[in-house]
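Undergrad: Here you go, sequence then predicted model.
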Amino acid sequence: MRASLIQIAVDPDEPVDARRARAARLVREESGHADLVVLPELWTVGAFASDLFAAESEPLNGPTHRAMAEAARDAGVWLHAGSFVEAEGGALYNTSLVLSPDGELAASYRKIHRFGFDKGEAVLMAAGEDLVTVDLPHLTLGVGTCYDLRFPELFRGLVDAGAQAFVVPAGWPALRRAHWTLLAKARAVENQAYVLACGTAGTHAGVEQAGHSIVVDPWGEVLAEAGPDEEILRVVLDPAKVTATREQFPALKDRVLGVATPRGRRG
Ligand SMILES: NC(=O)CCC(=O)C(=O)O
């Protein structure tokens, strides 16, 4: 399976509509190069541009969803369209979309761990509650978003639900680039799964983005890594490699469930 990660630049001097059209064009240009295309987190507005979240929010089936569905259909690819600010029932969510090659919505995922502690996304958006996997023809994807990468239990849950590869769109700052790379490799090694981590380039809301999108295989080898600027990564994923790694080094079978429960609280 061929995958392309589009590390798009998010800069405030490019209007959201223009970036949406440009992202759709970049997806179409992957036709013939990819079976799966991935975009980053909140690439319309910028993950740190929290002042704009409400103004740029959209419902499901809004402009971003429609533009990405058309692009997926035109390109004939599975598209993880990154995330957008979803408005629903008076709340905002950081919602990712996975679209099939005929443009149908295969899955949506609302980010569970919101970033910002006492500001930004953490206070402006509501948290998702559901783990999401998507069955592609030869590979089961588990999805997470950016800050989720710091929470290994989410990825374990996705493995238990059948995930063989994780797609993690992000808007990760340059300041913590070392964490990004380390966590992407850790999630791959501990879960014996591919990690496709797609970040943004550029600077928005005064926050320089790390770029450095990365694809790690189930053995922890880096298949491709971007630089800091706008770039497209193309890789080939082999589902048999997940099976082989899990058979040849069956560490997942040695899990001791419940061991994380504090001693005094065990039944
Ligand atoms: N958009 C995010 O979730 C940022 C996460 C981040 O900066 C970090 O975990 O560090």
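TA: Thanks, I have the structure now. All values reported here derive from a predicted model rather than from experimental measurement.

Undergrad: Which pLDDT value goes with T261?
TA: You'll see T261 listed with a pLDDT of 65.

Undergrad: Report the secondary structure element holding the spatially closest residue to M68 that is not a sequence neighbour.
TA: Excluding its sequence neighbours, the residue lying closest to M68 (Cβ to Cβ, 6 or more residues apart in numbering) is A81, at 3.9 Å. C-beta: built from backbone N, CA, C; applies to glycine. Using DSSP states H and E, A81 maps to strand 78-88.

Undergrad: for A224, same thing?
TA: Applying DSSP H and E as the criterion places A224 in strand 222-225.

Undergrad: Flag the shaky bits of the protein, pLDDT-wise.
TA: Flagging of the chain using pLDDT under 70 yields the residue ranges 260-267.

Undergrad: can you give me the helices in it?
TA: In the chain, the helices defined using DSSP state H lie at 16-29, 63-75, 121-124, 152-160, 177-191, 239-248.

Undergrad: where's the third one relative to the chain centroid, distance-wise?
TA: The chain centroid and the centroid of helix 121-124 are separated by 19 Å under Cα atoms, centre = their mean, to the nearest Å.

Undergrad: Report the buried residues of the strand holding A81.
TA: When burial is assessed from 16 or more other Cβ atoms under 10 Å, strand 78-88 yields the following buried residues: 78-87.

Undergrad: Tabulate the helices of the chain in a markdown table, adding columns for mean neighbour count.
TA: Listed next are the helices of the chain as a markdown table, based on neighbours: other Cβ atoms under 10 Å:
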| stretch | mean neighbour count |
| --- | --- |
| helix 16-29 | 17 |
| helix 63-75 | 20 |
| helix 121-124 | 17 |
| helix 152-160 | 18 |
| helix 177-191 | 19 |
| helix 239-248 | 15 |
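
Undergrad: Output these in JSON lines, with distance to the ligand appended to each entry.
TA: Formatted as JSON lines, the helices of the chain follow (distance: least, Cβ to the nearest ligand atom, whole Å):
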{"stretch": "helix 16-29", "distance to the ligand": "17"}
{"stretch": "helix 63-75", "distance to the ligand": "17"}
{"stretch": "helix 121-124", "distance to the ligand": "7"}
{"stretch": "helix 152-160", "distance to the ligand": "13"}
{"stretch": "helix 177-191", "distance to the ligand": "6"}
{"stretch": "helix 239-248", "distance to the ligand": "26"}
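
Undergrad: Mind putting the ones you listed into CSV with distance to L105?
TA: What follows is the helices of the chain, written out as CSV (distance: least, Cβ to Cβ, whole Å):
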stretch, distance to L105
helix 16-29, 15
helix 63-75, 7
helix 121-124, 23
helix 152-160, 19
helix 177-191, 26
helix 239-248, 23
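
Undergrad: got the contact list for L5?
TA: Applying Cβ atoms under 8 Å, 6 or more residues apart in numbering to L5 gives the contacts 37-38, 196, 198, 213, 215, 224, 226, 232-233, 235.

Undergrad: out of those, who's nearest the ligand?
TA: C198 (12.6 Å; Cβ to the nearest ligand atom).

Undergrad: Across the sheet, point out what pairs with the closest one.
TA: P169 (DSSP bridges).

Undergrad: That one contacts I6, doesn't it?
TA: Yes. Between C198 and I6 a contact is recorded at 7.0 Å, counting by Cβ atoms under 8 Å.

Undergrad: Mind listing the shared neighbours of these two?
TA: With Cβ under 8 Å, 6+ apart as the test, C198 and I6 both reach 38-40.

Undergrad: pretty sure A165 contacts D238?
TA: No. Checked against Cβ under 8 Å, the pair A165 and D238 is beyond contact range at 10.5 Å.
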